[in-house]
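Peer 1: Generate a structure from the sequence data that follows.
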Amino acid sequence: MKQKFFQYIQELQDTITSRLEQADGAAKFREDLWERPGGGGGRTRVIENGGVFEKGGVNISRVFGELPELMQKNFGVEDGDFFACGLSLVLHPKNPFVPTVHANWRYFEMYDKDGNITDRWFGGGQDLTPYYLFNEDAIHFHQVCKSACDKHNPSFYTDFKKKCDHYFWNTHRNEARGIGGLFFDHCKPSEKMTIEHWYDFVTEVGDSFLEAYLPIVERRKDLLYSEENRNWQEIRRGRYVEFNLVHDKGTLFGLKTNGRIESILMSLPPHVQWVYDHHPEKGSEEEKLLQILQTPKDWA
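Peer 2: You can find the predicted model right below:
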């Protein structure tokens, strides 16, 4: 399974970066190959200062070796080896009317001292962070997510949408990072869902990403915007940064285990503002967004 999924994410990275370059129309992804001292490595692709995307990354990694001490504590084991591979992406468009998007799909295995698999699971998801709320865009993104889920289990969308709303919650601000999507983790084999079934589901979601996001980009990328719109985007990006550095488990794990810092912090936007005690005008489009972020909504 690990080789099968790694092959999949390599091909998915190629597909996504190619389609994003077409949508951008100006910039190309820069590729950076790296190796992990303990075993494995990755292929980072970053786009910057494009016609549409101010900054973005579509990264894959395949790492393995002895379980780091922090992972041993998290999983309640004393020793053993692991294997992990996945694709992670974040895109920060220039136009404030085009939402930021994040997605990742990953696979993990653990082994005993004899090399036998003791545990394995899939995880991942995709979520949208708009700066100005267009109901049409939110409904489209969530309907694509629901369609992908419904092909495998009618309860998946509801369950994983709730988990997404719960996970991407800035508790210190009491608001959501965005309008959600899907989040699932520790998807392990069972009588109802074999590891092959989980593979089919996760790849279904991965294949749906471009369908979920690119139509929104095309609708909004050429809209005219003001300096005030841009300021609001940068203020909201500050909340995005806060979540990633304060709450995001993947970011915190990478920082605590001496992960590759450039890849870990690839998700941070290039231009951000923190304005003291900032509040949007009552009745404004900016305030309408905050009202939605304070009370997650069902979109599909």
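
Peer 1: Spell out the residue ranges of the strands in this protein.
Peer 2: With DSSP state E, the ranges of strands along the chain come out as 30-35, 40-48, 53-66, 81-93, 100-111, 117-129, 169-170, 175-176, 180-187.

Peer 1: starting at the chain centroid, how far to the second one?
Peer 2: Its chain's C-alpha centre lies 15 Å from the corresponding centre of strand 40-48 when counted by Cα atoms, centre = their mean, to the nearest Å.

Peer 1: now the fifth one
Peer 2: For strand 100-111, the distance from its own C-alpha centre to the chain's C-alpha centre is 9 Å (Cα atoms, centre = their mean).

Peer 1: for the fourth one, same thing?
Peer 2: Shown here is strand 81-93, whose average C-alpha point lies 8 Å from the average C-alpha point of the whole chain (Cα atoms, centre = their mean).

Peer 1: now for it, which elements pack on it?
Peer 2: On a contact count with 3 or more Cβ pairs under 8 Å, 6 or more residues apart in numbering; DSSP states H and E, strand 81-93 meets helix 2-24, strand 53-66, strand 100-111, helix 195-220. Where C-beta positions appear, they are placed from N, C-alpha and C, glycine not excepted.

Peer 1: let's see 6 Å
Peer 2: helix 2-24, strand 53-66, strand 100-111 (3 or more Cβ pairs under 6 Å, 6 or more residues apart in numbering; DSSP states H and E).

Peer 1: Can you list the low-confidence ranges for the stretch 1-150 of the chain?
Peer 2: The stretch 1-150 of the chain contains no residues with pLDDT under 70.

Peer 1: ok so, going back, relative to Tyr157, which of the strands of the chain is closest?
Peer 2: With Cβ to Cβ as the criterion, Tyr157 lies closest to strand 180-187 of the strands of the chain, at 7.5 Å.

Peer 1: what comes up buried for that closest one?
Peer 2: Buried residues in strand 180-187, counted by 16 or more other Cβ atoms under 10 Å: Gly180, Gly181, Leu182, Phe183, Phe184, Cys187.

Peer 1: before we move on, the earlier item: could the strands of the chain go into JSON lines alongside distance to Ile261?
Peer 2: Shown next, in JSON lines, are the strands of the chain (distance: least, Cβ to Cβ, whole Å):
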{"stretch": "strand 30-35", "distance to Ile261": "11"}
{"stretch": "strand 40-48", "distance to Ile261": "12"}
{"stretch": "strand 53-66", "distance to Ile261": "13"}
{"stretch": "strand 81-93", "distance to Ile261": "15"}
{"stretch": "strand 100-111", "distance to Ile261": "18"}
{"stretch": "strand 117-129", "distance to Ile261": "22"}
{"stretch": "strand 169-170", "distance to Ile261": "23"}
{"stretch": "strand 175-176", "distance to Ile261": "27"}
{"stretch": "strand 180-187", "distance to Ile261": "24"}
